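In: Just the structure for this:
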Amino acid sequence: MELLQVRTMFAEFLRAGLTPLALIIAGFWAFQIIYNLYFHPLSKIPGPWIAAISDIPYCSWILGGRQPYKLLELHNKYGHVVRVAPNEVSFNTAQSWKDIYGQKPGRQIFIKGTFYDGGNFAGNGISSIISERRPEVHKEMRNSLAGAFSDRAIVEQESLVATSVDKLIRLVGIKGSTEKGVDISTLFESMTFDITGDLAFGETFGALDSDERHPWISTTLDGLMQGVFIDIFSRYPTLGAILRVLMRSKFKKAVEGVRTNERLCYELVKRRITRKTDRKDFLTRILEDRDPRIVSDRQIAAHASDFVVAGSDTTASSLAAIVYYLLQNTYALAKLADEIRGTFKKYSDIGYLSTVSMPYLRAVILEGMRLYPPTPMGLPRLVPDGGDIVDGCPLPGGITVYTSPLSACLASANFQDPWEFKPERWLESDGSNSLDCSQPWSLGPRGCIGRNLAWLELRTTLAKLLWVYDLQLVDPTLDWHGESRMQTSLWQKPALMVRAHNRGVNTE
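Out: Here you go, the predicted model:
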């Protein structure tokens, strides 16, 4: 919008014979538009003019599940930095990941935005490893939980993980042998949910034992919407007041989901604490290391809830995306199958340590997570007081910033043939790909604490799946990625129907 257009609009208000109060409101509105467009500290940052004067388009992208794709469009049009709302900036470069999420001596930390205030147990005044925004408190939390996610702990937990992975492998063979195939995306979701439940609470949810989606999965994902609403209400009060009315049923459902999740998590944690067991799960080390006067049972329940949400859907999405792209690419599928089948003589040889040294398996996993980032939404951070510089762009304090994962991973400026599934780009560094633009676990002090567990699940599930079965898509024309939508900060995935043929091996 040019200044001439603003003047024309204001003149039309005058000709309409508006009352003095209306003129004052219109004048303030016109002043705000002019300020945001030409005098705001972000006025020099490129982006659509409507984003400079209104938060409504940005909020509609979030609520409509189109935010990551819309941001990709904007970055492709405007470049590596885009103003997406009056006080909000999106980046898509490797340097922006380091500047926003990394930590450097003598430099202030970009703290988490208000989006995290809507997390589970937040209404009870209890923060968790994900929702805690204060850096010093989060550091204490992370230190207290680190032992449960160390390499040593993962090796100890491997047998528990393998139980659910092996159950999935058997189900793929049973259900995938029919003409209609099996929705392997749903099976991955059930498996990872069972694994995190088993590790966080000492018992699985039994999701793999049912043909229906486990009700707690739906409840948990519904509850994530509370964070979106809380963020919008706090950052955009006027728009938030309108949305409270227009979307009251959705907001009510999100709140109910959070309350149900909190109650169930607390009950399971209490049950696990009172149970005498020598099993090695998350709570084994957490309970050994905690001071009950400082870390309450409800605090542990809040952490456990985070483990389930963050550790299940993200890994399930990655597995589904990797299988989809492998089945679309016969060369990569054959090469990975050869590596797996040439490495192991029997099914029981496949494990966490035995899959570490498989380069093509690692490359396939990294490429799948690049094309389909486990968390597609940019994780919001606030520029520290006094301002700072992100990827060469000076920004004032208080501005919301983030690196858009999908935009960073699928921009042609960062990757050669960004929409092509090419695991080789992770093996052959020729300078045509900015590999650090893909950060599936983020980085810095707030990077994913459970990445070791994720690697265990990703490597062993894929290795066992392709060691046992020859897989094919039921519908070779399926655009699974294109039909995916964003549900809050996670993916809402379509069915991925796959047929499985046992190649004549024993899974015992």
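In: And the strands in the stretch 51-200 of the chain?
Out: 81-85, 88-91, 111-112, 182-183 (DSSP state E, counting those that start in this stretch).
In: For the third one, which helices and strands make contact with it?
Out: Which is strand 111-112. strand 381-382 (3 or more C-beta pairs under 8 Å, 6 or more residues apart in numbering; DSSP states H and E). Using the backbone N, CA and C atoms, a C-beta is placed for each residue, glycine as well.
In: Give the pairing partners of the strand it packs on; include direction for each.
Out: Strand 381-382 pairs in its sheet with strand 111-112 (antiparallel), strand 400-403 (antiparallel), by DSSP bridges.
In: Least confident of the strands of the stretch 51-200 of the chain, on average?
Out: When the strands of the stretch 51-200 of the chain are compared by mean pLDDT, strand 111-112 comes last with a mean of 92.
In: just to revisit the earlier point, mean neighbour count and distance to residue 297 for the strands of the stretch 51-200 of the chain - can I get that in CSV?
Out: Converted to CSV, those look like this (neighbours: other C-beta atoms under 10 Å; distance: least, C-beta to C-beta, whole Å):
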stretch, mean neighbour count, distance to residue 297
strand 81-85, 24, 40
strand 88-91, 25, 38
strand 111-112, 18, 25
strand 182-183, 20, 37
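In: Name the single longest helix found in the chain.
Out: helix 297-328 (DSSP state H).
In: which element follows that helix toward the C-terminus?
Out: As assigned by DSSP states H and E, the chain's next helix or strand after helix 297-328 is helix 330-343.
In: Check the model's average confidence along that next one for me.
Out: Helix 330-343 comes out at a mean pLDDT of 98.
In: Go through it and flag the buried ones.
Out: Residues 332, 333, 335, 336, 337, 339, 340, 343 are the ones in helix 330-343 that count as buried (16 or more other C-beta atoms under 10 Å).
In: ditto for stretch 413-431
Out: So, applying 16+ other C-beta under 10 Å, buried residues of stretch 413-431: 414, 415, 418, 421, 422, 423, 425, 426.
In: Looking at the residues you listed, which is nearest residue 184?
Out: Using C-beta to C-beta, residue 421 is the member of the buried residues of stretch 413-431 that lies nearest residue 184, at 17.2 Å.
In: pLDDT value on the residue lying closest to that closest one once chain neighbours are set aside, please?
Out: By the measure of C-beta to C-beta, 6 or more residues apart in numbering, the closest residue to residue 421 outside its immediate chain neighbours is residue 325, 4.2 Å from it. Residue 325 is assigned a pLDDT of 98 by the prediction.
In: for residue 35, same thing?
Out: On the pLDDT scale, residue 35 gets 81.
In: Let me see the contact set for the residue most central in space within the chain.
Out: In the chain, the residue lying closest to the centroid (C-alpha atoms, centre = their mean) is residue 375, at 2.0 Å. Neighbouring residues of residue 375 by C-beta atoms under 8 Å, 6 or more residues apart in numbering: 314, 405, 440, 442, 489, 490.
In: Now the first one: closest residue in space that isn't a chain neighbour?
Out: In this structure, residue 314 finds its nearest non-sequential neighbour in residue 374, 3.7 Å apart by C-beta to C-beta, 6+ apart.
In: wait, that neighbour sits on residue 440?
Out: Yes - the criterion here is C-beta atoms under 8 Å, and residue 374 meets it with residue 440 at 5.3 Å.
In: list the residues that contact both of these two?
Out: In contact with both residue 374 and residue 440: residue 318, using C-beta under 8 Å, 6+ apart.
In: Quick check: buried residues in stretch 398-414?
Out: 399-411, 414.
In: Please report phi then psi for residue 210.
Out: phi -120, psi 150 (degrees, to the nearest 10).
In: from here on, count from 879
Out: Fine by me, first position is 879 from now on; the one you just mentioned is residue 1088.
In: Next, count neighbours for it.
Out: Each residue near residue 1088 was counted by other C-beta atoms under 10 Å, and the total is 11.
In: nearest residue to it other than its sequence neighbours?
Out: Per C-beta to C-beta, 6+ apart, closest to residue 1088 is residue 1068, 7.8 Å.
In: distance of the one you found from residue 1365?
Out: 17 Å (C-beta to C-beta, to the nearest Å).
In: How about residue 1213?
Out: Counting by C-beta to C-beta - residue 1213 and residue 1365 are separated by 33 Å.
In: got the contact list for the residue nearest to residue 964 when sequence neighbours are not counted?
Out: What sits nearest to residue 964 in space, not counting adjacent residues and going by C-beta to C-beta, 6+ apart, is residue 914, at 5.3 Å. Residue 914 is in contact with 921, 930, 931, 964, counting by C-beta under 8 Å, 6+ apart.
In: Widest-spaced pair of those residues?
Out: Across these, the two lying at the largest distance from each other (C-beta to C-beta) are 921 and 931, at 10.9 Å.
In: For these two, indicate the residue with more neighbours.
Out: Legend: neighbour count by other C-beta under 10 Å for residue 921 and residue 931, higher for residue 931 (21 against 12).
In: tell me the contacts of that one?
Out: 879, 910, 911, 914, 915, 964.
In: Generate a ChimeraX selection restricted to the buried subset of these.
Out: To isolate in ChimeraX the members of those that are buried, counting by 16+ other C-beta under 10 Å, one can use:
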select :911,914,915,964
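In: and of the contacts of residue 931, the nearest to residue 1142?
Out: Once C-beta to C-beta is applied, the member of these that ends up nearest residue 1142 is residue 964, at 39.4 Å.
In: didn't that closest one look like it was pressed against residue 918?
Out: Yes - contact status for residue 964 versus residue 918: in contact at 7.0 Å, counting by C-beta under 8 Å.
In: what touches both of those two?
Out: residue 930.
In: What ranges does the stretch 879-1028 of the chain have for its helices?
Out: 881-893, 898-912, 927-931, 934-941, 945-956, 972-979, 1013-1023 (DSSP state H, counting those that start in this stretch).
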